[in-house]
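Participant: A structural model of the following input is requested.
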Amino acid sequence: MTSMPDQIEGAPLIKPSTTDHPLYEQVVEACRTVFDPEIPVNIYDLGLVYTIEIGPENAVDITMTLTAPGCPVAGEMPGWVADAVEPLAGVKHVDVHMTFDPPWGMDMMSDEAKLELGFM
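Facilitator: Okay, the predicted model is just below:
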């Protein structure tokens, strides 16, 4: 029996989001209301939200990370995100998963976030 590689060659490190779902933009905007308490930029523009998957029954699965594994709000952040997304009309359920693979890097920030933080 051969072992499967951790990643299929050529596959993205981050699973693609369900961008064509009618709720996608609303979920993104809800994520933009959540801020990292140490950085004055929302978690979406910081690049902390890796994947937004929306199923046929409007169940939302969000995979996200933190700027560092030792972030003091690591235990609270998923709840903040779920609390922001769950009230949206049409959303059935929200699950937020934390990952550190791939690790977050400053290159994941939007241009707006880089500008806000003085990196551009």
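
Participant: got a pLDDT number for the closest residue to residue 84 other than its chain neighbours?
Facilitator: The shortest distance from residue 84 to any non-neighbouring residue, by CB to CB, 6 or more residues apart in numbering, is to residue 30 (4.4 Å). Quick note: C-beta positions are derived from backbone N, CA and C, even for glycine. Looking at residue 30, its pLDDT reads 98.

Participant: So residue 30: helix, strand or coil?
Facilitator: Secondary structure, DSSP: H, G, I helix; E, B strand; the rest coil: residue 30 is helix.

Participant: Quick check, it in contact with residue 82.
Facilitator: No. At 9.9 Å, residue 30 and residue 82 do not qualify as touching, with contact defined as CB atoms under 8 Å.

Participant: Going by how many neighbours each has, rank the two and give me the top one.
Facilitator: residue 30 (24 against 17; other CB atoms under 10 Å).

Participant: Report the contact partners of that one.
Facilitator: 84, 85, 88 (CB atoms under 8 Å, 6 or more residues apart in numbering).

Participant: Neighbours of the second one, how many?
Facilitator: Residues within reach of residue 85, counting by other CB under 10 Å, total 24.

Participant: isn't it right up against residue 59?
Facilitator: No. When contacts are counted by CB under 8 Å, residue 85 is not listed as touching residue 59 (11.0 Å).
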